[in-house]
Every structure is written in structure tokens, then in C-alpha cells.
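# Fold the stuff below for me.
(4 chains)
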Number of protein chains: 4
Amino acid sequence: MIVTTQQGMGQVALKELATVLSELDERFNSLNFLGEQVFFLPDNLDAQQVNEVKGLLGVAGIYSPPLHYQLASSVWRKERTGFLVDDIGVGAGHFQVMAGPCAVESESQMDAVGRKLRDCGVKFIRGGAYKPRTSPYSFQGLETEGLKIIREVADRYGLKVITEVVDRSVLDDVLYYTDVVQIGARNMQNFFLLKELGRIDKPVFLKRGMAARITEWLGAAEYIISHGNPRVILCERGIRTFDTELRNTLDVAAIPLIKSLSHLPIFADPSHGTGDRKFIKPMALASMAAGCDGIMVEVHPVPAQALSDGQQSLDFAELESLVKSLNSLKKVLPTL
Amino acid sequence: MIVTTQQGMGQVALKELATVLSELDERFNSLNFLGEQVFFLPDNLDAQQVNEVKGLLGVAGIYSPPLHYQLASSVWRKERTGFLVDDIGVGAGHFQVMAGPCAVESESQMDAVGRKLRDCGVKFIRGGAYKPRTSPYSFQGLETEGLKIIREVADRYGLKVITEVVDRSVLDDVLYYTDVVQIGARNMQNFFLLKELGRIDKPVFLKRGMAARITEWLGAAEYIISHGNPRVILCERGIRTFDTELRNTLDVAAIPLIKSLSHLPIFADPSHGTGDRKFIKPMALASMAAGCDGIMVEVHPVPAQALSDGQQSLDFAELESLVKSLNSLKKVLPTL
Amino acid sequence: MIVTTQQGMGQVALKELATVLSELDERFNSLNFLGEQVFFLPDNLDAQQVNEVKGLLGVAGIYSPPLHYQLASSVWRKERTGFLVDDIGVGAGHFQVMAGPCAVESESQMDAVGRKLRDCGVKFIRGGAYKPRTSPYSFQGLETEGLKIIREVADRYGLKVITEVVDRSVLDDVLYYTDVVQIGARNMQNFFLLKELGRIDKPVFLKRGMAARITEWLGAAEYIISHGNPRVILCERGIRTFDTELRNTLDVAAIPLIKSLSHLPIFADPSHGTGDRKFIKPMALASMAAGCDGIMVEVHPVPAQALSDGQQSLDFAELESLVKSLNSLKKVLPTL
Amino acid sequence: MIVTTQQGMGQVALKELATVLSELDERFNSLNFLGEQVFFLPDNLDAQQVNEVKGLLGVAGIYSPPLHYQLASSVWRKERTGFLVDDIGVGAGHFQVMAGPCAVESESQMDAVGRKLRDCGVKFIRGGAYKPRTSPYSFQGLETEGLKIIREVADRYGLKVITEVVDRSVLDDVLYYTDVVQIGARNMQNFFLLKELGRIDKPVFLKRGMAARITEWLGAAEYIISHGNPRVILCERGIRTFDTELRNTLDVAAIPLIKSLSHLPIFADPSHGTGDRKFIKPMALASMAAGCDGIMVEVHPVPAQALSDGQQSLDFAELESLVKSLNSLKKVLPTL
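Here you go, the predicted structure:
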């Protein structure tokens, strides 16, 4: 059973509420979602006890049994969630672009990317240090060395870092260097890892699994939130369908659908979503027109020489053109 | 073997070319694609004969063997195809909205829709007279009576009619009343019907089958074109995927993909594409941002009372809002 | 509203029942399903009228509103349906193999196939005279000439003919030559054609559409049955999924699922289901073990020279081996 | 570059070969695949060096670059792989059933299952101690307590244990109690975990991801094998398709396809593959007829009371009937 509280409750009132709940069942626990306190109680309270809780001062709502994505849902929280990554806003009207190569390959590669991003006004640099690859014989990433490079470059150009964690065993390492932790599509239902991400104090960028239903995706977000971390960003990155012409089918409708079911920020990744740089710009614009809160896109100084995903990476001129177009569309969107 | 000719060739030159080709093989035939003549020869000419054809005056290209969507492809025709439906332009920069109910239900229903469309500046009215339904016990459409109603309403308000033909046996009937012939998703590979549509002089609106690969869809267009009718409009209407939250998955990336592979106009149908009126507007804007040439959308005076597809039909206020937004986006698009 | 009657009712009792129903609503009609009479009434009778019908002598059940596949469903008819094609049993324990080339190519090809089938004890010869092809430039079949060939060969070797009808305009032609009419996957929801097949007196072999849900498939069968033809055979032929290693994914579980939802005979087609002759035999055995009533399989004297589908056609030795294995498995199956 | 060696090479010859390879590149390493030694060298040797290696005594083949599933492939190893789990054979003709509840719920539940399995002649007991669930609010398993229970019950009845590991952090715990380590569908591409499983000395049961292509699945197996563990069992457990009637679509054709591409044992799981106990038996028989090496199936003393997956669990009578039928079919299969 989930008990939500009224916005802006003071510490004293919250403490009192906690005391009463602890009398009902001492195994209750709670978390703070961007200022709102949420209590979890066992689901076996009787009707009288539930009524008692309902009547308590400061209680806003009771969900029993909860949706499997109750805290991620717009049933609970009507306004769209936004938060800061350091001083940079994400969600709730702060449109952001996150760009960079598939994999960190070298200092010079990342330096070139970082400088270009700063010049374009992009605030987040991405790049993988641990690469999940279908083949054990493919390039697997620079690991810690790659993390150091992306951090240094980001600091040099005033950017925030987003990079993927692929296993709990490297989480501490990744957390030391990154600002936002990315969970890749293959790990969307790695529940042990998700729970661990509930205990960290950095935002999590949760990519949709390639065959994940929308509510399964929100269930994965719920694992993170219900373990204590409210700062989850969802990212649609293409689903696997019968169509073989492109790498994936970017499910653009997932954007308004998520905004209807959930309050969490929703991004789109047209690089993985199409697998073909020719289609990145139209699909980025389409995603923005559909209402997304940001775009993740792959960029490489020389896409043809990329160690991975070159065919779906923009070159610098294309990135510049894309950012300009997104900025133009951003201005007109509120009037549509 | 397909032989294409240079643009703007005169009648005399074409006749000469035809004469030479007929000496190579008397079974050749030809068609005229919006001003360009195209000749079909058997594929068994020898290398010397092929070379001879290549050297003939006015020959622009030889495709042997042809792609299965050669005439629909951008390999042959680089510029985007546009044409008139009476005096209304479609494709090549003429963005159009086609709107109306799923099914023609009554004169009063259609009159209300027609007046609203005229007031909004929409040029095409849609509405089915023969409805393909999963169950034999569902409403099957008003048939000829429905065709008469939509024609009269269209004439009353200065609109063009687009309606679906579901079988060759009713094609003459439909042709008598309509301006554009629609082929539904279930009929996309009804090849006998497609060939017949190659012999008519009205544009064909070809919806994508719900599990059709892009090149299969273009192959269906090729059936129509190669039998003599160049005026084909493609329409993405959602594909069937594992996702069950929405009725279909609107494959927005099919829009830039079609524009890369083909010169034909490409529309999007966010009503069938989502199955939920809440998502029609964002998906219409997304489709336009992705580069489509027009939108087909379902509208009903009272969606809750529609005999079919009410949940994916806009009401009049929503239609007005949608058209306004599309018009605003249209203005900014060329600068993106 | 559908009214079913008790088995074995006499003509007099049926006439009386019809008279009473005609007093309730003169627009009622009826059909005979392999000996059982079924009446259709409008769905707008009031509760008292419905009760009255329920009480009539001979009435077995009332379905109001009916399932969209009521007559195809096992809700209505518990025992499995079997019937004769001339003197050959299909369904209800009569396992049959239907074999032959994708397309009728020549008299000598078909003669070789026909002789082989007879020698193997196969009772049905298949072969397409009208071939639906993705490309308009591919071989489209021998048409009427092909129908004549397959009929003559069948008569020569004591076989029954099954061949596909692709359009109503060639239905009479096909009916003249065939014993069983096949509806291909692309035509599964060609409702005008399905209704027409309800009016013929030959069995219909209805292939599942490549993206058809089970209940949509049964709805297609219902179109045929409710228009008067009870002899429908369903055939699972593979669905389209994300997997690209094989041509289709043979949905073997559709076999027990259909047997749970419906009383109609269910076949499997491992040729189209896999697209690869290497996998035909294991998948035919799997389908039989899952409970199917028969197998359709492609066979060609020289698969490498087939004009279509050679890669999924057995040669004669493979056919012989398959039939032997099916016969062996058939013996043990009732004990499993 | 992968260098394989001839079967039955002695230790002296292998040492000599290793010495020569170390002169070419000191970074080479090797593993032993059930008696066959395999060497890995960098892919940058020049043509002369490659030729030199080819000529070395005992070298059977060179793969450069290797398939991404070279060691899992039948290109390398023609005969089907079989191995022992303690004294129980798996693969290469040893058909095995693995059965038990979705989750370990209590000692009494497992004791009842264990006794029944022994009485039926089943050799492997399954049961999850860590359950991956879509919702964080669902039952998550008994964890270590569950592992202890399943081990004790297995020992009591002479059974082998198979249970799932969901994260590296619990791997040691799981390894202490189990005989075979299961990787669930959601973890199929958890590459860090797969590499770790390459370093253990127990067989790995690798379920196919619900949207995994066959070669991606084999790539996952390659991660395990190339890190040192040759004992990998593949298990088809249903893929996610557009069809919603059943929980998944059991891809039965994956069985002969895997046997064509790989030498590894292949099982089928008709419980997850269908999600409905009504269809477990026909699909188990179908999978066996298609050539699988074993069946994994869910069983529960009282399915209706199961904490998870009750609807896809057999009761004891159904299990007994299934095992009997599989045994009967096993006898006749070699003659088909």
C-alpha cells in the first residue's frame, strides 16, 4: 500500500504521520520524491485501518494495491517532473540534447566532440566506456580509461557527462566520473541493477528495452523510484519489429503515450531508433513535435572511422544543422 | 527490361524510338508517366541488343532486370512526384489534409462534416461506403447509398472525395462517385485489384499493409504504375507490433525512408496509426515534421456515437485545432 | 442473434420452428451446417421475445450478441468437424497430406508430381495457376492453362485438386477445375471474396494472414460459414515476426489453440512456415505432434529449377521420407 | 583469430603448438572444449604468418575473422555436443526433463514436487529463488532460503538442481547450491554476467531473450564458451510477437535451426512458451518431434495457489501424463 502526502508538508507534520503509521505496521518505510514524502505499508491492512490512514492529516492519496508503476504514473503526480543535473534543467520544459560517440575511442576524438558540443550549445556529452556487443570478439570499450577521458573533456568544455553502466560491479567506477547514469536497452529489466540505482543520488537515463511494453518500461522505472531515486529520465530508442529496412522502429507514439501515463521526462534516440544517419534529423524533429523532452544522438568527428555505430552517427556539420533546426522548432512548438 | 526516356521528348522522336524497339521485340509496350514515356521490353535481349538500345536517341536509362519497384523508385526519378486531383495539388510541396468519418452513416452526419471541413480549409472528405470488418455481424457500410451521400456533400461544399474500394466488383460504382480511390491495408497485396487500378484515370491512395515491409509496399505501387496509372499516393497507417498499448505502431520513420527510396507522395494516418484520439494531434505534427505530404484523419460530429472507430475520431473542435497547428508548422518547416 | 437447433431434428419440426421465427421477424434467415440448422435473427428482440425463442421445441442455444466467430467456435459445436471431399475424409481423425509445387509450370512437371503423390499414398495435389507475387515483373502463373493441367493430372492419378483463387473474377474458372478452393494469406480478410465462398459447395482452405490474430482468422472463417458454407479448413502457414533467419515463424501453438477455440480442421504448412526445405520434415512432425489434421507441403521434381519457392520445396526422395515418417507418427499418436 | 586442433592430440603436441603460437604473439590464450584445445590469436597476423599456423602439426582449422559464434557453431564442430551433469547426460541423445515450480515457495511445496519428480523418473528439479518480476511490488523470491530448500529436496530424492542467477552479486551463493545455472530471458545479453559464467565449472542453461535473433543468442553462448566454459545448454522459451492470445510464441522452428547452426544442446520451455497449461503437452510433444534435447516445464502441487505462473504450471497428474507421452514418443522418434 502506498500513501502519498500533500505538497509542502512541514517536517513536524511528516514526523507525526510517520509515527502513526509505524503504529499500524512497524515494517513501513518511506522515500522523498523531489519534495513529496511517500510511505509504503504492507498490503494486508484491514478496511478500518485503511480508513484510519485516509483520515490522517496530510495524507493526499492511498493506492492499495498500487499500480506496478504507481510512483511513475500520472495517476499520482499530475504535473510533469523536472529536476536539475547540477545547474542544468531536465524535463518540465527544459529541452536538452545529449550527444557524443557510441564509444569513447581516444582523447583526441572526445576533445573534438566536446569542443563542437560547446560551440553548438549542447550541454551533455555521451560516450560509452563499457560497450555491450553481440560478439565477444568485437571492441568492448576502453573501460576506466574511457571514463577518465569523457570526464576530463566534459570539464574542459563545461559539459555534463552521461555514460552507461552495464553491471553493478562497475557502478562505483561509473558514478565517480559521470553526472547521469545510462541504462541500456538490454539492461532495462536487470532488476538488481535497477534497485541499486534507486540508492544513488544521480539521475538515471533508462532506455526502453527493444521488446518492452510501455507498462513494463514504467515498471522498470518504478524499481528505481521505489528504492529511493526519483530522478529517472525515460528514453525511447526504437523497438524491434518485423521491418528490416531500418535497424529499429522508433516508436514516436510512445512519447505522447508516456506523457499520458507518466510524469517522467521522456527523450528520444533517433540514432539507435533508425540506425541510419540519413534519418536522424527528420526523426529528431518528429520526436520533438510529438512532445519529447530531449534528444540523444550519436556524433563522431569522422563517422566512417568509428569503431562502432558509425552508420548512425552524425558528423559535425550535421550536428550543427540538427541543433539549429531543433532550436527553431522549439520556438514555434508552444503555439501549436 | 525497362527503358526510360529523356524529359520533354517530342511525339516524333518517341514514335521513332517506338519503331526501333518494335523491331527488337514486337511484344514491347509502353506507358506515359506524367509526361515521361517508359517502354517495357522482355528481359532476354542479348548484350549487343541492349547496347543498341542504350545508344538510341532519347533513351535516358535502361534497367535490366528492373527493381521490383523500379518505376516507384527514386533511382529512376529523382524529383518528387506531384499531380493534380482536378484543381487540387497533391505531393511535391502541396500539403493536404483528408478528413471525415470512418464510415458514411447518414446525410446529416456527412453534411455536418462537410461544412466543417470547408470552414477549416480542408480540401478532401473521406468516408467509407463499404467497410471491411473483422466480424460478419458488424455494420458493413451503406454501400451505393453511402457513395451518393459523400459525393453530394462534397459537391455542396467544394470538396474532393476519397473513399475505399474493397473489391473489383464495386470498382465501377466507386469510380463513378469518387475523386481518389483508396486501397485499405488489408487489400495492399490484392494484385488483381491493383492491376485494375492501373487502368483507371483517377489517383490511388495506397495504404500500407499492417505487416508490409517497405519494399513490398512499393512493389504494390509498382503494380498500379506499371499497368498505366502514375498517380499513386502512399499512406503509412501503422504497423502491427508486439506493443498492445495502442492499436498500431505508427512507423513515422517510414516517411523519410519512403522519401529516400521513392518519388511518390507519402501521407500519414494518425487515427489508425494510434487508435486513440488523444494521440492524433502529436502524431500528425510528428509526421509532418518527418516530412510527409499530407495527413488522413478521422472526424465525426459526435465520436461517441460513431458506428465504427469512434475512439480514434476527432470531434470538430479538435479538428480545427489540428488544422491550425498543421498550418503553423507548415510555415516554419522549410526553414528547419 | 444466432439460434442453434438440436442435432437430428426432422424436417417437419424445423419447418415449424422457422414459421414461429418468421413471425418474430420476417428478415430472419438460416443455413445448414453439416446437418444442423442455424437461424439468424436481428439482435434487437426484447427480453420476452428472446425467452419465447429459448422455449421453442428443438432450440439448442441462443447467442445474442454472437461472438464474431460464433459458428466457427467450440462454444457452439463441441465435437471436431470432419467432412468429405468427394470420398476423401478431412478433419475429425482423417489426417491428410496436400502436396505439389508452388506453381503449375508445365504438364510434364505436374505429371511427375502426380505420379509420385499417388505412389506415396498422398490424396491431394496442390499447385497455383494464379500466383500472387510481390513484384509485377515476376512469373504470374499459367492461369486457366495451369488449371487444366492440374485437373487432368489429378484425374489421371486419382487425386483431389486444391488450388488458390486470388480474385472473384476468376472464381468460376477455378471452381470448374478444383475440388478444394484455397485462400492465400494475403486474401484472408478479402471479405467480398469470403462471402462469395460462402455460396459455393466446395470446401475452402483458409490460410492464416501473416499478421492475423487467431480470432481475426476465425472471424474470416465465420464470413464463409455464415454465408452458407460450413466446410472450412484452417491452415497455419507461419506468421511474420522480428526473426529474419527464416522466412516466417510457424506458430505451432496455433494448432492446439485453434482446437481449443474452434471445431474446424486445422492444417499446417511447413514450406511457407519456414521457407527452407531443411526444416520441413521436423516442422511437419512437430505440427502433427501438436495435433494438426493435415500438412500442406511444396514438392517439385527439381527444386533448384522451380520458377518460384524452390528453396522451400521438397524433392521426391524427401517427400517419400516425410510421408513415411508422418505415417509412423500417426500410429503412435493416439497413445500419447 | 581462432585456431582449432585435431581431436585426441596429446599433451606434448599441444605444448609444442602453444610454444610456436606464443612466438607469433605472446598475447594468445587458449581454452579446452570438452577435450579439444582451441587457441585465440589477435586478428592482425599477416598472410605469411597465417599460412605458417595452418601448416603446424595438429592444427585442424583457422577462423579469421571468426564468426561471432564460432565456437558455438556447427561450422567448427560437426558432432552434437553432450556432457555430464554429475552422472546425468545432457545433449547428444540424452533427452532430459527439467521440472518444478516457477518459484520456491516453501519446503513442503518443494518436497511434494521432488517426490513426484523422482516417482516420474525426472532427473532435474527447477525452482527460482530470485524472481525477476515486472513490478517491484510482486513477490521477489525466498533468496538464499529458497536455494537451501531446493538443494535439500534434490538431495533427498536424488535429483539435480537447476536454478536461475539474476545478478553477479548472488552468483557465488547460487553456485554453492545448484548443479546447473540458469540465465533467464531478460539476462541473455547481460555480457558481464555471461563472461563470469565462462569462468565457472558448472553447465549454463541459457534461455533465449524474448526478442533475440538466433545469431544473437548464439553470440551470447559464445561469450560463455570463449571465456572458458563449454557446457552451455540453449533453451527456446517463446518469443514476443504481435499475437496476444498466448503469452509468447514458442518458436519451435528454432530447434531444428539451432541444430543446423550449432552443436549445442537445445531445450524447449512450453510453460513460458505458451503461458497456458492446456497447451503445454502438445507443445512439448511438438518440440520433441522437432528434435529438441529436453523439456523444461513448470509444475506445482496446486497450480491455482502458486505465487507466480500458476496458469502455466502443470499439476502432478498432468506431469505424469506428459512424462509418459514423452517417453513413448522418444522410442519411436529414431525411426522417423
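
# from here on, contacts and neighbour counts on C-alpha atoms
Noted.

# What are the buried residues along the longest helix seen in chain A?
In chain A, assigned by DSSP state H, the helix with the most residues is helix A:316-332. For helix A:316-332, the neighbour count (16 or more other C-alpha atoms under 10 Å in any protein chain shown) marks A:316, A:318, A:319, A:320, A:322, A:323, A:324, A:325, A:326, A:329 as buried.

# domain assignment for chain A?
Listed by automatic domain parsing, the domain ranges of chain A are A:2-63, A:82-335.

# most neighbours per residue, which of these?
Neighbour counts (mean count of other C-alpha atoms under 10 Å in any protein chain shown) averaged over each of the domains of chain A peak at domain A:82-335, with a mean of 22.

# just to revisit the earlier point, right, and the pair among the buried residues of helix A:316-332 with maximum separation?
A:316 and A:329 (20.0 Å; C-alpha to C-alpha).

# What's the first helix or strand after the one helix or strand residue A:173 maps to?
Following DSSP states H and E, one finds residue A:173 within helix A:171-177. As assigned by DSSP H and E, the chain's next helix or strand after helix A:171-177 is strand A:180-183.

# Mind listing the strands that following strand pairs with, and their directions?
strand A:160-164 (parallel), strand A:204-207 (parallel) (DSSP bridges).

# would JSON lines of the ones you listed with mean pLDDT be doable?
Listed next are the strands paired with strand A:180-183 as JSON lines, based on pLDDT from 0 to 100:
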{"stretch": "strand A:160-164", "mean pLDDT": "98"}
{"stretch": "strand A:204-207", "mean pLDDT": "98"}
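
# Could you export those strands to TSV, including columns for distance to residue C:235?
TSV is the format used below for these (distance: least, C-alpha to C-alpha, whole Å):
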stretch	distance to residue C:235
strand A:160-164	47
strand A:204-207	39
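
# Out of the ones you listed, which is closest to residue D:169?
Closest to residue D:169 of those is strand A:160-164 (C-alpha to C-alpha; 19.1 Å).

# Go ahead and name everything in contact with that closest one.
With contacts defined as C-alpha atoms under 8 Å, 6 or more residues apart in numbering or on different chains, strand A:160-164 is touched by A:85, A:98, A:123-130, A:150-151, A:154, A:174, A:177-184.

# Ok, stretch A:69-78 next?
Here stretch A:69-78 has contacts from A:63, A:215, A:218-219, A:221-222, A:225-226, A:260-264, D:135, using C-alpha under 8 Å, 6+ apart.

# what's the answer for stretch A:238-251, then?
Contacts of stretch A:238-251 (C-alpha under 8 Å, 6+ apart): A:208-212, A:236-237, A:269-270, A:272-276, B:211-214, B:241-242, B:249-253, C:240-243, D:211.

# Can you name the residues of the stretch 101-250 of chain A that neighbour chain B?
A:211, A:212, A:213, A:214, A:241, A:242, A:243, A:244, A:245, A:249, A:250 (C-alpha under 8 Å from any C-alpha of the partner chain).

# how close does the residue in chain A that chain B sits nearest to get to residue C:48?
For chain A and chain B, the shortest gap (C-alpha to the nearest C-alpha) falls at residue A:286, measuring 4.0 Å. In this view, residue A:286 and residue C:48 are 57 Å apart by C-alpha to C-alpha, to the nearest Å.

# isn't residue A:193 right up against residue A:165?
No. In this structure residue A:193 lies outside contact range of residue A:165 using C-alpha atoms under 8 Å: 9.1 Å.

# Which of the contacts of stretch A:69-78 fall within helices?
In helices, defined here by DSSP H, the members of the contacts of stretch A:69-78 are A:215, A:218, A:219, A:221, A:222, A:225, A:226, A:260, A:261.

# that older thread, the helix holding residue A:173 close to chain D?
No. Residues of helix A:171-177 contacting chain D under C-alpha under 8 Å from any C-alpha: none, with a closest distance of 12.3 Å.

# which other residues reach that helix?
By C-alpha under 8 Å, 6+ apart, helix A:171-177 touches A:144, A:147, A:148, A:151, A:161, A:163, A:164, A:165, A:181.

# repeat for stretch A:327-336
Taking C-alpha under 8 Å, 6+ apart as the rule, stretch A:327-336 contacts A:285, A:288, A:289, B:324, B:325, B:326, B:328, B:329, B:332, B:336.

# quick one: average confidence on that stretch?
For stretch A:327-336, mean pLDDT is 94.

# Get me the contact residues on the stretch 151-300 of chain A for chain D.
For the stretch 151-300 of chain A, the residues in contact with chain D (C-alpha under 8 Å from any C-alpha) are A:166-167, A:186-187, A:189-192, A:210-211, A:216, A:219-220, A:222-223, A:226, A:240.

# Could you rerun that using 10 Å?
A:166-170, A:186-193, A:195, A:209-212, A:215-227, A:239-242 (C-alpha under 10 Å from any C-alpha of the partner chain).

# before we move on, what SS does the residue sitting furthest away from the middle of chain A have?
Most distant from the centre of chain A: residue A:48, at 39.5 Å, with distances by C-alpha atoms, centre = their mean. Look at residue A:48: counting by DSSP: H, G, I helix; E, B strand; the rest coil, its state is helix.

# quick one: contacts for it?
By C-alpha atoms under 10 Å, 6 or more residues apart in numbering or on different chains, the contact set of residue A:48 is residue A:54.

# do residue A:220 as well
Residue A:220 touches A:68-69, A:72, A:187-191, A:194-195, A:206-209, A:214, D:133-136, counting by C-alpha under 10 Å, 6+ apart.

# So which of those belong to strands?
Among those, the members found in strands (DSSP state E) are A:206, A:207.

# What's opposite residue A:63 in the beta bridge?
Counting by DSSP bridges, residue A:63 is bridged to residue A:2.

# Quick check, it in contact with residue A:3.
Yes. Look at residue A:63 against residue A:3 with C-alpha atoms under 10 Å: they come within range, at 6.6 Å.

# Could you list the low-pLDDT ranges of the stretch 1-150 of chain A?
The stretch 1-150 of chain A contains no residues with pLDDT under 70.

# Identify each of the helices in it and give its residue range.
A:11-24, A:47-54, A:107-120, A:144-157 (DSSP state H, counting those that start in this stretch).

# Show me what the third one is packed against.
I take that to be helix A:107-120. Packing contacts for helix A:107-120, counted by 3 or more C-alpha pairs under 10 Å, 6 or more residues apart in numbering or on different chains; DSSP states H and E, involve strand A:96-100, strand A:124-126, helix A:144-157, helix A:316-332.

# Could you pull up the contacting residues of residue A:49?
A:21, A:24, A:55.

# quick one: which of those is nearest residue D:300?
Looking across these and measuring by C-alpha to C-alpha, the closest to residue D:300 is residue A:24, at 34.7 Å.

# Show the contacting residues for that closest one.
Applying C-alpha under 10 Å, 6+ apart to residue A:24 gives the contacts A:41, A:42, A:45, A:49, A:50, A:52, A:53.

# My guess is the first one contacts residue A:30. True?
Yes. Here residue A:41 lies in contact with residue A:30, judged by C-alpha under 10 Å, at a distance of 8.8 Å.

# Between those two, which contacts overlap?
Shared contacts of residue A:41 and residue A:30, counting by C-alpha under 10 Å, 6+ apart, come down to A:2, A:3.

# For chain A, which residue gets nearest to chain C?
Taking C-alpha to the nearest C-alpha, chain A has residue A:242 as its residue nearest chain C, at 4.2 Å.

# Next one: that residue from residue D:288, what distance?
In terms of C-alpha to C-alpha, residue A:242 sits 28 Å off from residue D:288.

# And for residue A:36?
When distance is defined by C-alpha to C-alpha, residue A:36 is 56 Å away from residue D:288.

# How about residue A:250?
Remark: distance between residue A:250 and residue D:288 (C-alpha to C-alpha) = 38 Å.

# Ok, residue A:163 next?
On the measure of C-alpha to C-alpha, residue A:163 and residue D:288 end up 45 Å apart.
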